[in-house]
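> Show me how the following folds:
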Amino acid sequence: VTGEHYNCVESLAFQNLRIEYSTLVSWVGQPLVDEDGFTRDAGSQTVQVKPPIKGRMYQREGLVLNLHYSACWEMKGRGMALDIHPGAHIGLHWDSPRPLADTLEVVQRLRDFLAFATGLPTHIESIDAKPVRFTWIGHAHDMLLFHRSLAGPKARGEAPFPLFSLEDIISDLERVVSAWFEKAARLQPVIDLHLAPVYNPQMQPENQLLAAVQALEALYRRTRENRELPEDEHAARMTEILAGVPDQHRKWLQGRLAYSNEPS
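Okay, here's the model as predicted:
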């Protein structure tokens, strides 16, 4: 961030963004043209595309996420050919200007969601956003930000075994995304371990298995009761045990008993 007015991250605040992800189109996966959408007359041909899709993905705590999907087209070959392709983005709308860190956290949560659903590495293709102008800045125009992912090649196509697509959860879209956001912060280590082989498919099979086991262990630690005794009772037991151990072995035994209050 450079310039006279936006010279530090703290000076940036956002309210509306338009985000494109590399796997969003394949995850939506809706047909663009009706089966009966082709008609041909003398010297002309008509293509009837389906109406755009706009759906609420999430609404809570001052944040609204909307999914947009529609047909895009461009003329090719000096007007002799028409290329129809899908376009999809997510609109992010805060109820009031929010810091850059809050916005990027939401962007990352959505990226993890799409990678989890598709089983494909998911990268940001673009973020269009205008920082909210503060009263003390005093210039006439907002600055338009554009971001292109430097994380690696864009993933295209379809995963061999996607977990779910939009069609699978279309009737419960907002509920599913809300549940993801509610649990993502607590389960971030689980998500990171689960997605490690997705972003690094060259991992050796034993390393993929290790990541899966560690993800499962982290899930249990964060979602299930993992204490056999109340903390005070366990602390008293540890003190009593360690008191009878020679000094040269006490630190070693204390480390070995670090997880002794968890069920085996």
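> Pull the number of nearby residues for residue 83.
The number of residues packed near residue 83 is 10, by other C-beta atoms under 10 Å. C-beta: built from backbone N, CA, C; applies to glycine.
> Can you give the strand pairings for the helix or strand hosting it, parallel or anti for each?
Per DSSP states H and E, residue 83 falls inside strand 81-99. Using DSSP bridges, strand 81-99 pairs in its sheet with strand 13-21 (antiparallel), strand 63-76 (antiparallel).
> Please list the outside residues in contact with stretch 213-229.
Around stretch 213-229, the neighbours that count as contacts under C-beta atoms under 8 Å, 6 or more residues apart in numbering are 186-187, 189-190, 193-194, 234, 237, 261-263.
> Give the buried subset of the residues you listed as a PyMOL selection command.
One line in PyMOL is enough to select the buried ones among the contacts of stretch 213-229; burial here means 16 or more other C-beta atoms under 10 Å:
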select buried, resi 187+190+193+194+261
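> most tightly surrounded among the strands paired with strand 81-99?
Compared across the strands paired with strand 81-99, strand 13-21 shows the largest average neighbour count, a mean of 19 (mean count of other C-beta atoms under 10 Å).
> which helices and strands sit right next to whichever helix or strand comes after it?
Sequence-wise, the next helix or strand downstream of strand 13-21 (DSSP H and E) is helix 24-28. The helices and strands touching helix 24-28, judged by 3 or more C-beta pairs under 8 Å, 6 or more residues apart in numbering; DSSP states H and E, are strand 63-76, strand 81-99, helix 100-118.
> possible to save those as JSON lines with distance to residue 224 and mean pLDDT?
Shown next, in JSON lines, are the helices and strands packed on helix 24-28 (distance: least, C-beta to C-beta, whole Å; pLDDT from 0 to 100):
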{"stretch": "strand 63-76", "distance to residue 224": "29", "mean pLDDT": "84"}
{"stretch": "strand 81-99", "distance to residue 224": "33", "mean pLDDT": "86"}
{"stretch": "helix 100-118", "distance to residue 224": "21", "mean pLDDT": "93"}
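> which of those is buried the deepest?
Scoring these by mean count of other C-beta under 10 Å, the most buried comes out as helix 100-118, with a mean of 19.
> Other residues contacting that helix?
Contacts for helix 100-118 (C-beta under 8 Å, 6+ apart): 9, 12-14, 17, 19, 21, 23-24, 26-27, 63, 65, 90, 92, 94, 121-124, 127, 129, 158-159, 162-165, 177, 180-181, 184, 191, 194-195, 198-199.
> and those, which are buried?
When these are checked for burial by 16+ other C-beta under 10 Å, the buried set is 12-14, 17, 19, 21, 23-24, 26-27, 63, 65, 90, 92, 94, 121-124, 127, 129, 159, 162, 165, 177, 180-181, 184, 191, 194-195, 198-199.
> quick one: which of the contacts of stretch 213-229 sit in helices?
189-190, 193-194, 234, 237 (DSSP state H).
> Could you give the number of residues near the residue lying closest to residue 178 once chain neighbours are set aside?
In space, residue 178 comes closest to residue 58 once its chain neighbours are excluded; the distance is 5.8 Å by C-beta to C-beta, 6 or more residues apart in numbering. Neighbour count for residue 58, taken as other C-beta under 10 Å: 23.
> Pull the contacting residues for residue 58.
Per C-beta under 8 Å, 6+ apart, neighbours of residue 58: 64-65, 174, 177-178, 181.
> From what I see, residue 87 and residue 72 are in contact.
Yes - between residue 87 and residue 72 there is a contact at 4.2 Å, judged by C-beta atoms under 8 Å.
> Between all of the ones in helices among the contacts of stretch 213-229, which two are at the greatest distance?
Distance extremes for the ones in helices among the contacts of stretch 213-229: the farthest pair is 194 and 237 at 35.0 Å, using C-beta to C-beta.
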